[in-house]
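> turn this into a model:
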Amino acid sequence: MTNVIVGKMKKSHSKTLLIAFVLILFPMCRDTTLADVLPQGYCRGIIPECNDNKTKESTECFRSGCYDEYYCGENDDSCNRECADCCLQEDSDGDCNPDKGDNCPDTPNINQSDRDADEIGDVCDNCTNDSNNDADEDGFCANADNCPDIANPDQKDSDGNGVGDVCDNSDIVGKDSFDSPGIYPQGLAFDGTYLWYTGTKRKRVSYKGKIYKIDIYGNVIDSFDTPSYSPEGLAYDGTYLWCADGRTEKIYKLDTYGNVIDSFDSPGSSPRGLAFDGTYLWCADERTAKIYKLDTYGKVIDSFDSPGYSPYGLAFDGTCLWCADERTAKIYKFDICGNVIDSFDSPGYSPYGLAFDGIYLWCAEHYSSKIYRIDISSYMDNCTVSDNCNVSDNCTFSFVLGPDDPGLNTLRQFRDEVLARNKAGRVFIGLYSKYESKMIKILRNSPAIRKTSKNILERVIPVIEKLLDSG
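Next up is the predicted model:
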């Protein structure tokens, strides 16, 4: 005889009829559960086997949060209860949301609230208003982090402007140098956020050198041993570090954890400075007093005499090269053919490493163990280079508009007065410098793209002029 089900019915009429219809058609005693008779996902929870004691609730028959009440008829072999919309699928936390779709499967959260839409329920989301969930892993969610993209667990904010020191460029105005973590800093590189430099931890040459990753205040983020004992030049290509070693006379390609990926012989016997222009490596060699242009496999593409007598640090600003000369204690700016455009005295008498961050030039001073930040804005006004270097090959906008177009000054002013003063703009400047040589190649090989680019720039420049005039 078909079992009779008696229970409260709080659900919609159609749903109740369906449940009743299914239960009437199928016997429900001991060996049969609701999972056997209802479609997967229709009703949450499982009708338990009939309880031997039909007058009391059974813990075996009851799951908290799934059943409003449980009934056993005194003269019936069936158990009766109301289905409170609990799922047949696995529901570990008993909140009536199946694990497969539960945004917090181990903690009950019936309403599945997720304020930041990161697919992690608020009750188990450490950052309920940060969809990136503390991306820099410093213990502070983005909405409460004064520097959400760079780890700063101390949240130091020296000027109280709400922006953490580690990402507040306004904080370093007037702070022109800091002591290097190790002694005798040599090579220097910038990766878009952090400085990297080579140095030694002790004066004894029997110890391997170190590569330090530091923030713009000199705080050490990481460090590791260099492949050999005399690390000199350092460069960053967007993915890998390149380190020139004076003792082994090799240039090493390293990942940012210090693992050697590749190496090749340096073009000279005393490699010092290294720079990367987006395509090629540049190496300054002290003994030959030459600057070498290399591909990333060590093949010499070109070379020329260095501006000074003892070239060390090298940097590339997107158009020109900069070289620190230890003997003359000067820093030279020159085009990619070696023609000197400008020069100035270095901040110390033993400049070794150089790096360009898109705005400032950084210089590692060897014997004083200091790293200087140098404002070179007055040396960045002219994008052109020497005639015999072909200006169109070295500046994208000059190549498109022509070297004498007055719009170039507008673009430079926009770069210095607008882009350089905010984080997004500085990122753009860095990307522009990194990919400029590749853009030149595309423009050179496609007159149509070059023409379109010129038309766009001629429309955009007047808009930029109005923006600059408005302040």
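> which SS class is the residue nearest in space to the middle of the chain?
The centroid of the chain falls nearest to Asp149 when counting by Cα atoms, centre = their mean (7.7 Å). Secondary structure for Asp149, judged by DSSP: H, G, I helix; E, B strand; the rest coil, is coil.
> what's around the residue lying closest to it once chain neighbours are set aside, how many residues?
Of all residues not flanking Asp149 in the chain, Asp136 sits nearest, at 5.9 Å (Cβ to Cβ, 6 or more residues apart in numbering). The way it works is simple: take the backbone N, C-alpha and C, and place the C-beta from them, glycine included. The local packing of Asp136 (other Cβ atoms under 10 Å) involves 18 other residues.
> and Asp136, how far from Gly162?
As judged by Cβ to Cβ, to the nearest Å, Asp136 and Gly162 stand 17 Å apart.
> re earlier: quick one: which helix or strand includes the residue nearest to Asp149?
Assigned by DSSP states H and E, Asp136 falls within no helix or strand.
> for the one 3 residues further on, same thing?
Secondary-structure assignment from DSSP H and E places Gly139 in no helical or strand segment.
> and Asp302, by the same measure?
Judged by DSSP H and E, Asp302 forms part of strand 300-305.
> tell me the secondary structure at Gln413.
Going by three-state DSSP: Gln413 is helix.
> give the contact list for it.
Leu468 (Cβ atoms under 8 Å, 6 or more residues apart in numbering).
> next one: Cys124
With Cβ under 8 Å, 6+ apart, Cys124 has these contacts: 104, 106-107, 109.
> hmm, 10 Å instead?
93, 103-107, 109 (Cβ atoms under 10 Å, 6 or more residues apart in numbering).
> picking that back up, show me what counts as buried in the strand holding Asp302.
Ser303 (16 or more other Cβ atoms under 10 Å).
> strands paired with that strand, and their directions?
Counting by DSSP bridges, the strands paired with strand 300-305 are strand 290-294 (antiparallel).
> find the nearest non-adjacent residue to Gly164, please.
The nearest residue in space to Gly164 (Cβ to Cβ, 6+ apart) is Cys147, at 3.2 Å.
> what's around the one you found, how many residues?
Cys147: 20 neighbours (other Cβ under 10 Å).
> try Leu457
By other Cβ under 10 Å, the residues close to Leu457 number 19.
> what helix or strand is it on?
Counting by DSSP H and E, Leu457 is part of helix 447-469.
> for that helix, which helices and strands make contact with it?
If you count contacts as 3 or more Cβ pairs under 10 Å, 6 or more residues apart in numbering; DSSP states H and E, helix 447-469 packs onto helix 396-401, helix 407-417, helix 423-445.
> ok now stretch 292-302, how far from the chain's centre?
Relative to the chain's own centre, stretch 292-302 is displaced by 29 Å; criterion: Cα atoms, centre = their mean, to the nearest Å.
> for the strand holding Asp302, which outside residues touch it?
267-268, 279-283, 285, 288-295, 311, 334, 336-339.
> now, of those, which are buried?
By 16+ other Cβ under 10 Å, those give 267-268, 279-283, 285, 288-294, 311, 334, 336, 338 as buried.
> orientation of the helix holding Leu457 relative to helix 423-445 in degrees?
Calculated by axes from the mean of the first three to the mean of the last three Cα atoms, to 10 degrees, helix 447-469 forms an angle of 150 degrees with helix 423-445.
> among the buried ones among the contacts of strand 300-305, which are in helices?
Counting by DSSP state H, no part of the buried ones among the contacts of strand 300-305 is found in helices.
> what about this protein, any weak spots by pLDDT?
1-89, 91, 94-96, 158-159, 165-175, 200-207, 381-395, 437, 441, 444-447 (pLDDT under 70).
> tell me the domain ranges of it?
13-81, 126-171, 174-379, 387-469 (automatic domain parsing).
> may I see the buried residues of whichever strand or helix holds Asp222?
Using DSSP H and E, Asp222 maps to strand 220-225. Within strand 220-225, the residues scored as buried using 16+ other Cβ under 10 Å are Ser223.
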